[in-house]
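Novice: quick one: sequence and predicted model below, then my questions.
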Amino acid sequence: MELDALARGGNLYTSNGWYDFENPALRESWMQFARSFVQGHISLSDPYASTQLTTGEALSGIGSTAGILYFNDTVTYPDNTSEPTNLRVLPLPKTKGEKGIMPVTGVGLSAYRTTEQKAEAAGVFLHWFTENQRNLEFVVETGYMPVNNGAFDAIDSHPFPNESYRELYESIKTMRETYTPFVQTTNSDFYGKVNTLYEELRQMQPSWIQRAQQGEPIDLLAEEAWDLFCSVQ
Amino acid sequence: MRAFSNLQHSRRSLRRKLFGSMLLLAAILMCFLASGLFLSGRFSSTKKETAQALALQMEVFERDISSYWEKTAVLGIHLSQEMTGLLEDYLTDHNIPFEGLTDSPDHIAGLQETVIGPLCQSLRQSDCSGAFVFFNATVNSHIEYAEQSRSGLYIQKSGNAIADDGLLLYRGLADAGKDYGIIPHRKWRLEFQSSLFPNYEELVSHAALPLETSYRITDLFTLPGTSEQAVLMTVPLIGEDGTVYGFCGFEVSQRYFKLHHEQPTNLSRMVCLLTTGGNGILDAEAGLSCGVFNGYYFAPKGKLTAKDLGGGLTLFSGGSSSYIGVSKEVFISYREPAITAAVLIPKEDYDRALIKSGMQTVLLVLLLLFVTIVCCFYFSRRFISPILKSLANIKSENRNGELSYIAEIDDLFAFLAEQDREHERTLALLTQEKQDAQSEKERLQDAFDRALEKYESAQAEISRLAYDRKQEVDPADYQQFLHGIETLTPTEHRIFAYYLSGKSVKEILSVAAIKESTLRYHNKNIYSKLGVNSLKQLLRYAALMQQDDKGKTS
């Protein structure tokens, strides 16, 4: 939703670090999301998007690259029947006709410079650690993104453990080449408000689905969802 | 021996001799010290200390794990009773037999929703990484391998803290966990597979009341779908009528055990094992292991062969590494084979300690040797110096110098001084005696000179008188006398000599052992041959003859 709003233009955040509800692009994107959400077409996952795929509740999801580590190799249904997971990985969806935007997050690697010798040792280690092939092997094990051009170049010839991993890193390579990186606000209150919003949406979704099934106008329900979004301050 | 004798009798200085004696004394003392250390076991102290340290660590480890598993067993039994009670209550409330759970998704979901709360609570009360309960029922008995499928819940702590709020659902209905904020494990499955459950057949065969003897600890196994290793404390769910409903218990993962049983110790790379063993073999990878507090350890791989080293230590040799340690069979549940606890340190650490101890001993000996030599050198010098100084004083005859402050030397000097005085007195006496003798000699010389002078005067008088007599004697008679002597027989000549020597007739008779008549016969012949008439005339001519002989020789 917010990536779609970003692609449509305008400010995503206000100066206080929360969403700019005056931005018509934000409202338009939200309403598009909310119309599907109130009908139950979209589910807000638990901490990991892979959970609902594992239990067969969902067929597709959007998650972080590192989420591939958490995908179960088997989908087990409530009647205890199961089938192997056929995981296919694609680049992040983008607004039609617009350039794709990809949120980037993560942590850096740092070392305290206690002595000149240790500083040099840290430097030597980082150079070793980020060598092309070694970096690629490490990120494939951990689901992270490569950190240098050489490692990206090595993706095509890398022996991935399975096809899902190959698709993941090819998608990462595609996105790196064609998408615009985006860093979410670092405002300390932001994620607390997001969690509050998610929790309230999860609570409201069953009733909205029920009301939608009973024939209430979808736009009306989506408006309720917008009001709920705006109420989180 | 000869060399020693030569050395012993060689001419050496006093200082060297004392230095050598002191060194010999020091060497003897060091030999005694070394013997004492050897007898008191000081040289084997590293082995002894290691054995004591490991024995202590074993005691601590044994107490730790005994207490831990006892507590876990108590919680497990309590969990079993609670789960059994909840199950039976659920069956009663819904008026269904236990077998009615199979193929009933609703009842299975209902049962899991009933037991998940208490199960989570038990897990949080415990010091374990997971808790489970499964029933001999399945949600779908019509699928392949359904006979091995068991419905239940398996919850794990997502972190390593004892009271970690984050829980993962490894087995069970995802919806049941969702209400408690429990997210499915990345290798989640709906039900248990008895074929993948460790020691399942053994557990089933021992499932009987009382629970106090039916809880078991499984072998170490790898959780299906993961690389995590764990052991399970299992307790059967047994109804009042003896029906075995399933099992419940706790999981202790290797990761969790390692973190929560770090041992306080000074042995930096100690490893504690809780595994199976026997017949001189310790299977290091069949059980749990932990290391030292805030440290790292290298867990042994594979099977270790045990060899007794004596002194309470055992050498555990593996394919890639060897350890020194102690092992002991411990009771933590009724099971076969029994569990063995082992406390080990890498062999290279032990070897390093031995070398270090040896080096310390060598350094100590070298230091002692150095100090001994220096002390011997210093004290021999210090002790001998006053003696040498005194001897120099003796040589220089300066015996009245300063006191040496050594009683024997001062006494010696006093003695020598007394000797000197005695000698001086003796010398004075001798000098006096010499002077006296000299005076006496001079006096006697004077007397001798005077006597000689008198003698010469007398001699001159005798010569003068002899001359006078000679003048009175008839020269022809005297000449006949002189020629007559040459005609005397030997016997007559001998008797003539007796007369000349002044002997009397009696003395001649005695000395010559002849009769008087024989003497008279000889006398007559002698007188006749010499031309004399009497003995008096004979003696006068003889005196003249002697006077003449003396005059010729002088």
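Specialist: Good, I have the coordinates.
Novice: phi and psi next, for residue B:222.
Specialist: Main-chain torsions, residue B:222, degrees, to the nearest 10: phi -90, psi 130.
Novice: oh, that last question was meant for residue B:533, not what I typed.
Specialist: phi -110, psi -20.
Novice: ok, it - contacts?
Specialist: Contacts for residue B:533 (C-beta atoms under 8 Å, 6 or more residues apart in numbering or on different chains) come out as residue B:527. (C-beta placed from N, C-alpha, C; glycine too.)
Novice: distance of it relative to chain A?
Specialist: 154 Å (C-beta to the nearest C-beta, to the nearest Å).
Novice: residue B:135 contacts residue B:87, doesn't it?
Specialist: Yes. Taking contacts as C-beta atoms under 8 Å, residue B:135 lies within contact range of residue B:87: 6.9 Å.
Novice: quick one, which of these two is more surrounded?
Specialist: Higher neighbour count among residue B:135 and residue B:87: residue B:135, with 26 against 22, using other C-beta atoms under 10 Å in any protein chain shown.
Novice: would you map the strands across the stretch 251-400 of chain B?
Specialist: B:271-278, B:281-290, B:303-310, B:313-317, B:322-330, B:339-346 (DSSP state E, counting those that start in this stretch).
Novice: just how off-centre is the third one within its chain?
Specialist: Mean C-alpha position of strand B:303-310 versus that of the full chain (C-alpha atoms, centre = their mean, to the nearest Å) differs by 29 Å.
Novice: pull up the pairing partners for it, direction included.
Specialist: Strand pairing for strand B:303-310, using DSSP bridges, gives strand B:281-290 (antiparallel), strand B:313-317 (antiparallel).
Novice: adding mean pLDDT and mean neighbour count, write these out as JSON lines.
Specialist: Output for those, formatted as JSON lines (pLDDT from 0 to 100; neighbours: other C-beta atoms under 10 Å in any protein chain shown):
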{"stretch": "strand B:281-290", "mean pLDDT": "87", "mean neighbour count": "21"}
{"stretch": "strand B:313-317", "mean pLDDT": "91", "mean neighbour count": "19"}
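Novice: in terms of helices and strands, where is the residue minimising distance to the centre of chain A?
Specialist: Nearest to the geometric centre of chain A sits residue A:63, at 3.9 Å (C-alpha atoms, centre = their mean). Assignment of secondary structure by DSSP states H and E places residue A:63 within no helix or strand.
Novice: show me what from chain A comes close to chain B.
Specialist: Residues of chain A lying near chain B by C-beta under 8 Å from any C-beta of the partner chain: A:46-48, A:50-51, A:54-55, A:57, A:69-74, A:76-82.
Novice: spell out which parts of chain B neighbour chain A.
Specialist: Counting by C-beta under 8 Å from any C-beta, chain B sits next to chain A at B:105, B:138-140, B:143, B:146, B:149, B:173-174, B:178, B:183-184, B:186-191, B:225.
Novice: now that we have those residues, which of them are buried?
Specialist: Listed as buried from the residues of chain B next to chain A are B:138-140, B:149, B:173-174, B:183-184, B:186-191, B:225; burial here means 16 or more other C-beta atoms under 10 Å in any protein chain shown.
Novice: among the residues you listed, name the ones in helices.
Specialist: Among those, the members found in helices (DSSP state H) are residue B:174.
Novice: take the strands paired with strand B:303-310 and write them to JSON lines, including distance to residue B:200.
Specialist: Output for the strands paired with strand B:303-310, formatted as JSON lines (distance: least, C-beta to C-beta, whole Å):
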{"stretch": "strand B:281-290", "distance to residue B:200": "17"}
{"stretch": "strand B:313-317", "distance to residue B:200": "31"}
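Novice: what about those, which gets the closest to residue B:529?
Specialist: Evaluated with C-beta to C-beta, the strands paired with strand B:303-310 place strand B:313-317 nearest to residue B:529, the distance being 134.1 Å.
Novice: angle of that closest one against strand B:271-278?
Specialist: 80 degrees (axes from the mean of the first three to the mean of the last three C-alpha atoms, to 10 degrees).
Novice: before we move on, the earlier item: what is in contact with residue B:135 and residue B:87 at once?
Specialist: B:98, B:111, B:237, B:245.
Novice: which strands and helices sit next to the longest helix seen in chain B?
Specialist: Looking across chain B with DSSP H, the single longest helix is helix B:407-472. Other elements packing on helix B:407-472 under the criterion 3 or more C-beta pairs under 8 Å, 6 or more residues apart in numbering or on different chains; DSSP states H and E are helix B:347-395, helix B:535-553.
Novice: which parts of chain A are helices?
Specialist: Going by DSSP H, chain A shows helices at A:2-8, A:24-38, A:50-54, A:116-129, A:132-142, A:149-153, A:163-178, A:190-213, A:218-231.
Novice: domain map for chain A?
Specialist: A:2-104+A:184-231, A:116-182 (automatic domain parsing).
Novice: for those domains, give me a markdown table that also has distance to residue B:392 and mean pLDDT.
Specialist: Listed next are those as a markdown table, based on distance: least, C-beta to C-beta, whole Å; pLDDT from 0 to 100:
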| stretch | distance to residue B:392 | mean pLDDT |
| --- | --- | --- |
| domain A:2-104+A:184-231 | 96 | 89 |
| domain A:116-182 | 65 | 90 |
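Novice: compare these and give me the one nearest residue B:461.
Specialist: domain A:116-182 (136.2 Å).
Novice: for chain B, which spans come out with low pLDDT?
Specialist: B:1-12, B:41-44, B:160-165, B:397-405, B:466, B:469-470, B:551-554 (pLDDT under 70).
Novice: what does stretch A:25-37 contact?
Specialist: Taking C-beta under 8 Å, 6+ apart as the rule, stretch A:25-37 contacts A:1-2, A:4-5, A:8-10, A:12, A:19-21, A:42, A:44, A:201, A:205, A:208, A:218-219, A:221-223, A:225-226, A:229.
Novice: show the buried residues in those.
Specialist: A:1-2, A:4-5, A:8, A:12, A:19, A:42, A:201, A:205, A:208, A:218, A:221-222, A:225-226, A:229.
Novice: circling back to that earlier point, pipe the strands of the stretch 251-400 of chain B into JSON lines and attach distance to residue B:80 per row.
Specialist: As requested, the strands of the stretch 251-400 of chain B are exported to JSON lines (distance: least, C-beta to C-beta, whole Å):
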{"stretch": "strand B:271-278", "distance to residue B:80": "23"}
{"stretch": "strand B:281-290", "distance to residue B:80": "22"}
{"stretch": "strand B:303-310", "distance to residue B:80": "34"}
{"stretch": "strand B:313-317", "distance to residue B:80": "37"}
{"stretch": "strand B:322-330", "distance to residue B:80": "23"}
{"stretch": "strand B:339-346", "distance to residue B:80": "21"}
